[in-house]
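**Student:** Compute the structure for the input listed below.
(one chain, ligands or ions: 1)
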Amino acid sequence: MTNDVSARDIQLPQTQFYEAKSYPTFTPVGPALVLLDSDELKRFGDLRLQLSVGGEVRQNALVDGDMIYKPLQALQSLTRFQDLSAGDLVMTGTPAGTALSAPPKPLEIIGNLLPPATKWKAFFKRQANNTEVPAARRHRGTLRGDRRRLHRPRHAAHGGEIRVTTVPVVIVGAGPTGITAATLLAQYGIECLVLDRWSSVYPQPRAVHLDDEIFRIVARLGIADEFAAISRPALGLRLLDNTTRVLAEFHRDPAHSVHGFPQANMFDQPDFEALLRANLKHYPCAELRGDAEVTDIADGGEGRILVTFNDRPEGGKHIVEANYVLGCDGANSVVRSCIGTGMRDLKFDQRWLVVDIASTADLDQWDGVHQVCDPIRAATYMRIGDSRYRWEFQLLPGETTDDFGSLDALRPLIGPWVRDVAPTDLTLVRVAEYTFRAKFAERWRRGNVFLLGDAAHLTPPFIGQGMGAGLRDAINLAWKLAGVLDGGLSPAVLDTYEQERKPHTRFMIGMALSMGWAMTAGGDVGNLIRRIVVPRLHRIPGLRDKLVESRTPALRRSALVTKARAPWQLGGTLCPNPW
Ligand SMILES: Cc1cc2nc3c(=O)[nH]c(=O)nc-3n(C[C@H](O)[C@H](O)[C@H](O)COP(=O)(O)OP(=O)(O)OC[C@H]3O[C@@H](n4cnc5c(N)ncnc54)[C@H](O)[C@@H]3O)c2cc1C
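**Tutor:** Here you go, the predicted model:
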């Protein structure tokens with residue numbers, strides 16, 4: 001590394017503003033090049049710099065104490081906008097070519113009359129005003145998708161130690177929402193640090209379905225083929241009565257879709273999350289740090305946010321300073337508590353048993369989603385992989401997971417689907433109880449802190465849209481945030497995130513609640529009505545298509561969406577993508 005501090009020492013008193021350092025072709029390196037090994041580098045602070053001009057000593061100081069930014073820090077800073085390799089010669093200077101420009105002639109003449117000490121004083125005063133770097137220059141993320149290396153935070157090595165580092169965006173939570181947001185931001189060249197309290201993917205299966213709109217987001221992340229390899233298209237929806245007799249079937253053609261992907265796709269969430277994380281590794285500007293539990297989000301003043309996190313195994317405490325924080329930390333979000341917003345409860349509370357079974361035996365079932373409509377014990381069955389099956393059963397009062405801890409105990413529930421498959425051919429992957437709820441956060445934003453995914457909304461999984469909603473949040477916010485950080489968009493554009501996403505999410509939660517109601521409402525009378533009405537639904541013109549189509553509502557009005565006045569107008573709708 002070379003720098004031009006000494007050149008300035010000569011220039012300023014002599015007012016030679018355009019000599020030496022300002023000529024791009026003239027940069028002295030040497031007279032000797034000394035390569036330091038790592039032990040010598042540790043003693044870098046002992047290095048003495050001496051400079052004499054005409055026999056007069058101008059500089060005689062140890063590097064330690066005199067150098068504000070050491071070589072390692074300087075190199076780390078440079079890697080934010082410049083790729084560096086071993087052997088590179090790094091020449092530092094001022095970004096625009098020169099820190100100083102010649103003052104107007106009259107001032108220069110007066111300046112020449114001043115003693116050097118006064119000139120230095122004036123110089124330092126002016127330099128001291130140069131501390132604020134405009135936001136657009138601090139974060140030179142670009143919407144053209146260049147990939148830059150992250151200014152990696154220095155991690156605390158000792159328990160209890162606090163170190164502060166700075167990143168444009170901190171994402172709390174590395175679930176599907178957080179990783180999607182990080183990947184999209186990284187694709188725009190925006191640096192982000194993802195913090196998650198666990199070191200690896202949450203291993204329990206949860207989401208099993210996503211639609212063609214969400215598949216399109218997956219494709220945007222660059223992993224369409226990889227996702228296709230770990231998922232299988234579903235053929236549609238069957239409604240069954242409480243004896244598992246088929247009331248109605250709504251077929252979906254996986255090859256036919258306006259977005260070019262099957263309208264219903266079955267998968268295992270841990271497989272999908274592993275894929276998302278593997279893909280994130282291709283983007284050096286995003287760093288994922290596991291075992292990092294976020295405990296506090298605080299206002300750091302001047303538009304900065306302080307994110308405090310603990311090293312779970314070591315116990316060290318860290319603070320990251322960020323311009324924006326995305327709370328993707330799930331249902332019990334710490335970020336949500338820190339920004340002080342409550343959850344609006346849509347008063348849905350049902351306990352369900354979730355059963356995952358692996359089997360290489362063929363269950364010989366129709367390859368779509370089966371919904372059992374039964375006010376006593378509603379249920380859902382679907383095949384989610386070549387050898388993976390999922391059931392969800394509404395629990396009766398007093399029942400718990402303990403009542404269904406073995407294949408034998410589960411037999412009365414799963415019997416209609418596994419029939420005569422031998423118990424030795426079935427492996428119980430897990431049984432868990434979930435309370436399905438419908439809620440959404442009253443505010444999705446405070447200042448530069450945003451809520452996304454389950455941190456912002458919770459839905460019962462009856463139409464398989466909870467995780468999808470988080471991915472929709474991420475893609476809605478990522479390009480806007482990238483545009484603001486890049487300096488190309490006004491920060492006001494960020495208001496449209498909540499304006500557009502909240503009504504859409506509420507609508508989808510409403511759909512899930514309607515499905516739950518259709519499956520469970522009305523007691524015996526409800527069952528009777530279902531038996532009469534459901535088999536005839538397909539005769540109502542257009543209703544059959546409505547039931548199987550995966551299209552979700554248009555975005556409501558925002559500064560970016562002109563609301564369509566008539567049904568045939570397209571404002572807020574997704575542009576088809578049949579390829
Ligand atoms: C039984 C069941 C079935 C489902 N089926 C479907 C379906 O078919 N389709 C669908 O779309 N959705 C479905 N869902 C919903 C889906 O699983 C969730 O919506 C989805 O996981 C939410 O993703 P997320 O990234 O927002 O949150 P999460 O997946 O909860 O991830 C949050 C992350 O934040 C981390 N975290 C939390 N607190 C902190 C902290 N303080 N510091 C650091 N890290 C923290 C966690 O470790 C976690 O990794 C289902 C859910 C259940 C329970």
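
**Student:** Contact partners for whichever residue of the stretch 301-450 of the chain sits closest to the ligand?
**Tutor:** Using CB to the nearest ligand atom, the single residue of the stretch 301-450 of the chain nearest to the ligand is Gly330, 2.7 Å away. C-beta coordinates here come from the backbone N, C-alpha and C atoms, glycine included. Counting by CB atoms under 8 Å, 6 or more residues apart in numbering, Gly330 makes contact with 173, 175, 453-455.

**Student:** Repeat the analysis, applying 6 Å as the threshold.
**Tutor:** If you count contacts by CB atoms under 6 Å, 6 or more residues apart in numbering, Gly330 has them with 173, 175, 454.

**Student:** And Lys439, by the same measure?
**Tutor:** 343, 345, 458.

**Student:** Tell me the buried residues within the residues you listed.
**Tutor:** 343, 458 (16 or more other CB atoms under 10 Å).

**Student:** would you list the contacts of Lys439 in TSV and tack on distance to the ligand?
**Tutor:** Formatted as TSV, these follow (distance: CB to the nearest ligand atom, whole Å):
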residue	distance to the ligand
Met343	14
Asp345	17
Leu458	8
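
**Student:** Tell me which of the contacts of Lys439 fall in strands.
**Tutor:** Members of the contacts of Lys439 lying in strands (criterion: DSSP state E): 343, 345, 458.

**Student:** just wondering, since we're on the nearest residue in space to the first one that is not next to it in sequence, how far is it from Arg336?
**Tutor:** Which is Met343. Distance criterion CB to CB, 6 or more residues apart in numbering; nearest residue to Met343, sequence neighbours excluded, is Lys439 at 4.4 Å. Going from Lys439 to Arg336 by CB to CB, to the nearest Å gives 11 Å.

**Student:** Thr400 too?
**Tutor:** For Thr400, the distance to Arg336 - CB to CB - is 29 Å.

**Student:** more neighbours, these two?
**Tutor:** Neighbour totals were compared for Thr400 and Arg336, and Arg336 leads with 26 against 11 (other CB atoms under 10 Å).

**Student:** Verify the contact between Asn60 and Ser52 for me.
**Tutor:** No. Taking contacts as CB atoms under 6 Å, Asn60 lies outside contact range of Ser52: 8.7 Å.

**Student:** Surely Thr505 is in a strand?
**Tutor:** No. Counting by DSSP: H, G, I helix; E, B strand; the rest coil, Thr505 falls outside a strand, being helix.

**Student:** count of neighbours near the spatially closest residue to it that is not a sequence neighbour?
**Tutor:** Distances taken as CB to CB, 6+ apart place His457 nearest to Thr505, at 4.8 Å, with adjacent residues excluded. By the criterion of other CB under 10 Å, His457 has 26 neighbours.

**Student:** Just the buried residues of stretch 405-415, please?
**Tutor:** Here stretch 405-415 shows 407, 410, 413-414 as buried, counting by 16+ other CB under 10 Å.

**Student:** which among the contacts of Gly330 end up buried?
**Tutor:** Buried among the contacts of Gly330 (16+ other CB under 10 Å): 173, 175, 454.

**Student:** correct me, but the first one touches Asp329?
**Tutor:** Yes. With contacts defined as CB under 6 Å, Gly173 counts as touching Asp329 at a distance of 3.6 Å.

**Student:** The residue of the stretch 51-200 of the chain found nearest the ligand: what's it in contact with?
**Tutor:** Residue nearest to the ligand within the stretch 51-200 of the chain: Gly175 (2.2 Å; CB to the nearest ligand atom). By CB under 6 Å, 6+ apart, Gly175 lies in contact with Gly330.
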